[in-house]
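Undergrad: The sequence isn't on hand, but the structure is:
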């Protein structure tokens, strides 16, 4: 009963704080940065606060400064450059951006019925589009579609899924750990439902992005409306992408071994052994390490730390470096935790620093201390989806499943939605796990709209990556035991809408699942591209072995990222780890 009263008191406190946060009027603050193109300063970039008359331009050295409020959007534009929109957050003060050349984008056209006295929008609209399974007459169709000529695709793209980016509105490309790509053409808001587009290539159907020689593509029709997908049945609820090829190769694809290495449409991207173990990346040791080493003992080194604290206290990596030195070199968790507590006190209102501290606590298996940090973050950021998930997850790690469940329910009852995005996938996975695994022991009675609400999807490995600053950009590379390489871009140039969604909803995380590890090693590499600031990014990687099974266990590692544009090997996974 005491625990129940305690958790409800927390939730009522959150409710009160959230209501007051809604009334907060954020003052204008100065934001500065440098805009570059291929590492050179870019002058004349137009910078405007969206829906306002506040604007400026970059100088000859690419520098700018502008005033904005948290929640406003800054628009960056330049002739022949792809425009960028950045959401101003509570911690935003520096935004250094790199612009990229614009792509030629074909507008979506609307096919209208002959009975409507309207004309379709778009000069290049074909009168007829024919494939093995359907014929479209643009004069009679009555549904929305986008048409792309094969010759208009970006032939340098690694797949047809990548090549269609920027060609179709509301187009989202998702890549799983097996390197399989899926496309979403429209969103749904139901828990546990994911509707990917169906692919029709020369009459052969695929639920994932097929491997196609881009030079072989003749025409593409992207159909979203239910009226246009009715011939395909319920499997096309996510829309259909119809592709015709010049060679008509896929017409008999069902008789071919598509997965064969000899097949020209299999993944030909192989790992080049070009990643450096992350622990081998050296940027030089700070000078204060010599002071600690000379001290000889943890207590004497701690006195040295206190002496230099006033000089270095404003640098968060000073605290983390020092804490790691005491924990790893002196083998003294006691003094390491004292240093982290000093940082927690100093950065009491900085959500990015606090999150990094919580990551470190979780790596050290100090889950109750992590719960305390995540409670603070709930107060600071009561509207961020990540705040709810992090607190619930910390409760789960502390074996407080009932409290974790209450946090998830509180999130839903506050009117927040679990959407089909990075944090939505994690919410759905973890809520389902708690519901299935703990419903009897912890008397969980609520039934939610999960796809399979009485069974948990099981996988050999589940990976969850989280980072403490929303501006961080990465390229994840997954290498399977066959040495085939699959990359997932979390970059502004490739996924600007995803990053904007992350900032609007307040989440910085991504999960990946490996159904079967198989024989050999899986490698997970990371290329860090910076975070628009001059401070490190902290990345937490949680590996769940035997996810959803009786012998499930997890391992947490935290990385401080500073070196940019260097491919680092984060993890090496194999079947033997499932039984440790």
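TA: Structure received. Everything numeric here is computed off the predicted structure, so don't read it as measured data.
Undergrad: what ranges do the helices span in the stretch 151-300 of the chain?
TA: 160-163, 226-229, 288-295, 298-312 (DSSP state H, counting those that start in this stretch).
Undergrad: Surely residue 250 is in contact with residue 199?
TA: No - if you go by CB atoms under 8 Å, residue 250 and residue 199 don't touch, sitting 9.7 Å apart. Yep, even glycine has a C-beta here, placed from its N, CA and C like the rest.
Undergrad: Quick check: neighbours shared by these two?
TA: Taking CB atoms under 8 Å, 6 or more residues apart in numbering as the contact rule, the neighbours common to residue 250 and residue 199 are residue 210.
Undergrad: show me what contacts the nearest residue to residue 543 once chain neighbours are set aside?
TA: Ranked by CB to CB, 6 or more residues apart in numbering and with sequence neighbours excluded, the top spatial neighbour of residue 543 is residue 555, at 4.9 Å. In this structure, residue 555 makes contact with 542, 543, 545, judged by CB under 8 Å, 6+ apart.
Undergrad: For residue 389, state which of those is nearest.
TA: Nearest to residue 389 among the contacts of residue 555, counting by CB to CB, is residue 542 at 12.2 Å.
Undergrad: tell me the SS of the residue nearest to residue 543?
TA: strand (DSSP: H, G, I helix; E, B strand; the rest coil).
Undergrad: Can you tell me who the most centrally placed residue in the chain pairs with across the strands?
TA: Compute the mean C-alpha point of the chain, and by CA atoms, centre = their mean the closest residue is residue 510, 4.4 Å away. With DSSP bridges as the criterion, residue 510 is bridged to residue 465.
Undergrad: what residues are up against residue 30?
TA: 65, 66, 67, 93.
Undergrad: okay, and the helix or strand of this protein with the least pLDDT?
TA: The weakest-scoring helix or strand in the chain, judged by mean pLDDT, DSSP states H and E, is strand 109-110 (a mean of 36).
Undergrad: any low-confidence regions in the stretch 301-450 of the chain?
TA: Across the stretch 301-450 of the chain, the ranges flagged by pLDDT under 70 are 420-421, 437-450.
Undergrad: all helices for it, in order.
TA: Per DSSP H, counting those that start in this stretch, the stretch 301-450 of the chain carries helices over the ranges 316-328, 333-346, 351-363, 367-380, 385-397, 401-413, 422-438.
Undergrad: Just give me how far the fifth one sits from the chain centre.
TA: So that's helix 385-397. Relative to the mean C-alpha coordinate of its chain, helix 385-397 is positioned 17 Å out (CA atoms, centre = their mean, to the nearest Å).
Undergrad: Run through the neighbouring helices and strands of that helix.
TA: helix 351-363, helix 367-380, helix 401-413, helix 422-438 (3 or more CB pairs under 8 Å, 6 or more residues apart in numbering; DSSP states H and E).
Undergrad: Just name the most buried of those.
TA: helix 351-363 (a mean of 25; mean count of other CB atoms under 10 Å).
Undergrad: which secondary structure elements does that one contact?
TA: So helix 351-363, by 3+ CB pairs under 8 Å, 6+ apart, packs with helix 316-328, helix 333-346, helix 367-380, helix 385-397, strand 537-547, strand 553-561.
Undergrad: Could you point out which of the helices of the stretch 301-450 of the chain sits nearest residue 150?
TA: helix 422-438 (31.7 Å).
Undergrad: what's the angle from the closest one to strand 537-547?
TA: 40 degrees (axes from the mean of the first three to the mean of the last three CA atoms, to 10 degrees).
Undergrad: where's helix 422-438 relative to the chain centroid, distance-wise?
TA: With CA atoms, centre = their mean, you get 17 Å for helix 422-438.
Undergrad: what sits against the nearest residue to residue 560 once chain neighbours are set aside?
TA: Spatially, and ignoring its direct neighbours in sequence, residue 560 is nearest to residue 536 (5.0 Å; CB to CB, 6+ apart). Going by CB under 8 Å, 6+ apart, residue 536 touches 316, 317, 560, 561, 562.
Undergrad: give me phi/psi at residue 536?
TA: Dihedral pair for residue 536: phi -70, psi 160, per degrees, to the nearest 10.
Undergrad: 41 is where my numbering starts, stick with that
TA: That works, and once the first residue is 41, the last one we named lands at residue 576.
Undergrad: what's the closest of the helices and strands packed on helix 391-403 to residue 95?
TA: Nearest to residue 95 among the helices and strands packed on helix 391-403 is strand 577-587 (29.5 Å), distances taken as CB to CB.
Undergrad: what is the mean pLDDT for that closest one?
TA: What strand 577-587 shows for mean pLDDT is 94.
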